[in-house]
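Peer 1: Provide a 3D model corresponding to the input given below.
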Amino acid sequence: MILVACLIVATMLTSCYGYRQVGLLQEREDLPVYDSVPYEPYRLQVNDEIIYRVITMDETIAKVFAANNSVGGQYANSYRIYSDGTVDIPFLQPIKLEGLTELEAQDTLRKAMREIIPDADVKLAMYNKQFTVLGDANSGTYSIYKERLTIFQALAMTGDLMNSGDRRHVRIVRPHGNEEPEVLEFDIRTNSIIDSKYYYVYPNDLIYVSRDSGSFYKQTSYSSFLALITSSVSLLITVLNYIPGIW
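Peer 2: So this is what the prediction gives:
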């Protein structure tokens, strides 16, 4: 009876990770339903950094800008957006870029540059286009390599979530310049996350995955579950053999 009771308790306390706990894109009535929202391009914020390139037919001016911005074909300088929303570009007055998309910032810089170089064209990009992952995933800082990077693509870059990660309460801490950062919490398992406000990852996002409170009792596979039961029974039998008269 004692042995049977111990097996029952071990079975109740131990389980394996199933699709309901860790599966993505599930369609279940008990999962939250998120509204679809239009995609909003990222807008530059204070402390963001940009890089740019000036294209002109004037070879002398082109060499001056090339020497100022690059070494050996690589960008040497990035330009930070200050607390007043402006950035200092050589040969120009401070330009306000905060709140603009990359394309809008590129057009703004091109317009300012053409005041001194009539045929100037400008290519601009954000330099610190990265996101950070913490918690029960492969923590680190990763580069955003494309427009509209999804939460699934971002986590795939880290090697996916650990089984012990709490998929019901994934959080994104999203800075908003000089304002308080926004904390977005969501259940990543639901299919309705697609095209919701939680779907896309933006520069400077911090994705935090806490540990599931029930993960202590869960095993990664049925083989590990059976191994735990077998070792527990063996230990129990060994202990009982040392107790006189127990059998």
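
Peer 1: Let me know the next secondary structure element after the host helix or strand of Ile51.
Peer 2: Assigned by DSSP states H and E, Ile51 falls within strand 49-55. Sequence-wise, the next helix or strand downstream of strand 49-55 (DSSP H and E) is helix 59-69.

Peer 1: quick one, that next one and strand 49-55 angle?
Peer 2: 160 degrees (axes from the mean of the first three to the mean of the last three C-alpha atoms, to 10 degrees).

Peer 1: Arg80: what's its closest spatial neighbour, skipping adjacent residues?
Peer 2: Glu49 (5.0 Å; C-beta to C-beta, 6 or more residues apart in numbering). In this view, the C-beta of every residue, glycine as well, is placed from N, C-alpha and C.

Peer 1: got a pLDDT number for the one you found?
Peer 2: Each residue has a pLDDT score; the one for Glu49 is 96.

Peer 1: Off-centre distance for the strand holding Ile51?
Peer 2: Chain-centre distance of strand 49-55: 26 Å, with C-alpha atoms, centre = their mean, to the nearest Å.

Peer 1: And that strand, what's buried?
Peer 2: Ile50, Ile51, Tyr52, Val54 (16 or more other C-beta atoms under 10 Å).

Peer 1: pLDDT score for Asp212?
Peer 2: Value listed for Asp212 in the pLDDT field: 85.

Peer 1: contacting residues around the residue lying closest to it once chain neighbours are set aside?
Peer 2: Leaving aside its chain neighbours, Asp212 sits nearest to Asp166 (4.3 Å; criterion: C-beta to C-beta, 6+ apart). Counting by C-beta atoms under 8 Å, 6 or more residues apart in numbering, Asp166 touches Asp136, Val209, Ser210, Arg211, Asp212, Ser213.

Peer 1: which among these end up buried?
Peer 2: For the contacts of Asp166, buried by 16+ other C-beta under 10 Å: Asp136, Val209, Asp212.

Peer 1: Ile54 contacts Ile116, correct?
Peer 2: Not Ile; residue 54 is Val. No. Between Val54 and Ile116 there is no contact under C-beta atoms under 8 Å: 10.3 Å.

Peer 1: mind listing what the residue most central in space within the chain touches?
Peer 2: Note on the chain: the residue nearest the mean C-alpha position is Ile207, at 4.5 Å, using C-alpha atoms, centre = their mean. Listed by C-beta under 8 Å, 6+ apart, the contact partners of Ile207 are Phe131, Thr132, Val133, Leu134, Ala137, Ile151, Ala154, Leu155, Val170, Arg171, Ile172, Val201.

Peer 1: and the last one, what does it touch?
Peer 2: Val201 makes contact with Phe131, Ile144, Leu149, Thr150, Ile151, Gln153, Ala154, Ile172, Ile207, according to C-beta under 8 Å, 6+ apart.
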